[in-house]
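> 3D, please:
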Amino acid sequence: MDPKTFRILVTPTSFGRMDPGLRRRLEEQSGAVVYNETGKPLTASQLKELLPGIDGYIAGVDAVTEEALEAADRLKVVARYGVGVDKVDLQAARRRGIAVTNTPGANSVSVAELTIGLILSLLRKLPNATAATRAGAWPRINGLTLRNKCVGILGFGAVGRCVARRLAPFDCRLLAFDPYAEGSAAGAIGVTMTNLENLLADSDIVTLHVPVTDETRDMANDRFFAAMKEGSYLINTARGELVDESALLRALDAGRLAGAALDVFGQEPLPAESPLLASEKIIITPHMASHTDDAMRQMAEMATADCLAVLRGEKPRHPVI
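A predicted model of the protein is given here:
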């Protein structure tokens, strides 16, 4: 297939922002490139309008459902911009012979850095301190040190390991639970592998770094929060679907949890009427963990390379299916 006949859909709004040369190279190596101009992830109905006639698709966190893929009459590949593929109907893609790829490890450091920033912001009450000072007050705000605290890392893949490595110099105790991780990797960086029950009971801070599966969806529910150490904190920079948001609010209102920091939500953008926005115990950020120069550049390069490889009839470096 002549590269100049490729029609490629690119939906991550950050594509090419940090490296305009990549955008230029993609356009030079294809017949036409269609960009997402909405500034938001696309719905299934929006994709359904865009996918006819498209050969390659560099995808953000759009709703790549069976309904959307039904309209894809020429699509050969969905190159996911990031590691999670929970928004992609993999079975529907497989039935249609559509390859799906992702970009493992590209944003691990960026997500880990935001995770640690959110932990420190919660413990030192930085949003409250900033707001009060801007309002003309000069409050004495007592915070918590990270030293000697216990941090539970739920999920010990690429991001979980990055978090652990960066937390180690803070002289805190590190626990991790991941039934698929090797204990030797944890021990090398001072992490103790344990079961979920012990991690929740012992941790002052629990941070989520697992994919969305049937087993993990809404895993942070009433039962989960009841098992957490009283006065502890929850961090979620992974996927909004991991947390039952109503259960989280109940745990915060009851004082079971002292606070939470969320970068991801069940519905994005977060609706203006969401009760999460009204809680002063929650730090909220707009799904920005991977939005750094380094992560965006790597995700764009990896997704572009695999998209073009599949269209040229070559094997992608990072296949999911």
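> Can you give me the buried ones in the lowest-mean-pLDDT helix or strand in the chain?
None of the helices or strands of the chain scores lower by mean pLDDT, DSSP states H and E than helix 183-187, at a mean of 84. Neighbour counts over helix 183-187 (16 or more other C-beta atoms under 10 Å) mark 185-186 as buried. Using the backbone N, CA and C atoms, a C-beta is placed for each residue, glycine as well.
> Would you mind pulling up the elements that it packs against?
strand 191-193 (3 or more C-beta pairs under 8 Å, 6 or more residues apart in numbering; DSSP states H and E).
> Now tell me what touches the strand it packs on from outside.
153, 156, 164, 173-178, 181, 183, 186 (C-beta atoms under 8 Å, 6 or more residues apart in numbering).
> same check, this time on stretch 213-225
Here stretch 213-225 has contacts from 86, 200, 208, 210, 234, 236, 241-244, 247-248, 250-251, 256-257, using C-beta under 8 Å, 6+ apart.
> cool, and stretch 245-260?
122, 220-222, 224-226, 228, 230-236, 265-266, 274-276, 279, 281-283.
> Just the buried ones among those, please.
Buried members of those, counted by 16+ other C-beta under 10 Å: 122, 220-221, 224-225, 228, 232-236, 265-266, 274, 276, 279, 281-283.
> quick one: which of these sit in strands?
Judged by DSSP state E, those include 232-236, 282-283 as members of strands.
> with those in mind, which one is nearest to T101?
Looking at those and their distance to T101, the nearest is N236, at 25.4 Å (C-beta to C-beta).
> can you give me the helices for this protein?
Taking DSSP state H, the helices of the chain run over residues 20-28, 44-50, 66-70, 90-95, 108-124, 126-134, 158-167, 183-187, 196-202, 222-227, 245-253, 293-311.
> right, and those helices - which one's nearest N102?
Ranking these by distance to N102, with C-beta to C-beta as the measure, places helix 293-311 first at 8.0 Å.
> Can you give me the buried ones in the closest one?
Result for helix 293-311 [16+ other C-beta under 10 Å]: buried residues 295-300, 302-311.
> Let me know the closest of the residues you listed to L26.
The closest of those, once distances to L26 are taken by C-beta to C-beta, is T304, at 5.6 Å.
> quick revisit: which of the helices of the chain has the lowest mean pLDDT?
Within those, confidence is poorest for helix 183-187, with a mean of 84 (mean pLDDT).
> Identify the residue nearest F170 in space, chain neighbours excluded?
Nearest non-adjacent residue to F170, counting by C-beta to C-beta, 6 or more residues apart in numbering: L146, 4.6 Å away.
> Pretty sure that neighbour sits against L120.
Yes: the pair L146 / L120 is scored as a contact, 6.8 Å apart, by C-beta atoms under 8 Å.
> Those two: which is more packed in?
Taking neighbours as other C-beta atoms under 10 Å, L146 and L120 compare with L146 leading, 18 against 15.
> Which pLDDT value belongs to the residue nearest to L90 when sequence neighbours are not counted?
Using C-beta to C-beta, 6+ apart and skipping residues adjacent in sequence, the residue nearest L90 is I321, 5.6 Å away. We have a pLDDT of 95 for I321.
> so who does the nearest residue to P319 once chain neighbours are set aside touch?
Among residues not flanking P319 along the chain, T101 sits closest, at 5.5 Å (C-beta to C-beta, 6+ apart). Neighbouring residues of T101 by C-beta under 8 Å, 6+ apart: 77-80, 303, 306-307, 310, 316-320.
> Pick out the most distant pair among those residues.
Pairwise distances across the contacts of T101 peak at 15.1 Å for V78 and R317 (criterion: C-beta to C-beta).
> Which of the two has more residues huddled nearby?
A side-by-side neighbour count of V78 and R317, using other C-beta under 10 Å, places V78 first with 31 against 12.
> ok, now which ones touch the more buried one?
Neighbouring residues of V78 by C-beta under 8 Å, 6+ apart: 57, 59, 64, 88, 93, 98-101.
> one more time with 6 Å
Going by C-beta atoms under 6 Å, 6 or more residues apart in numbering, V78 touches 57, 59, 88, 100.
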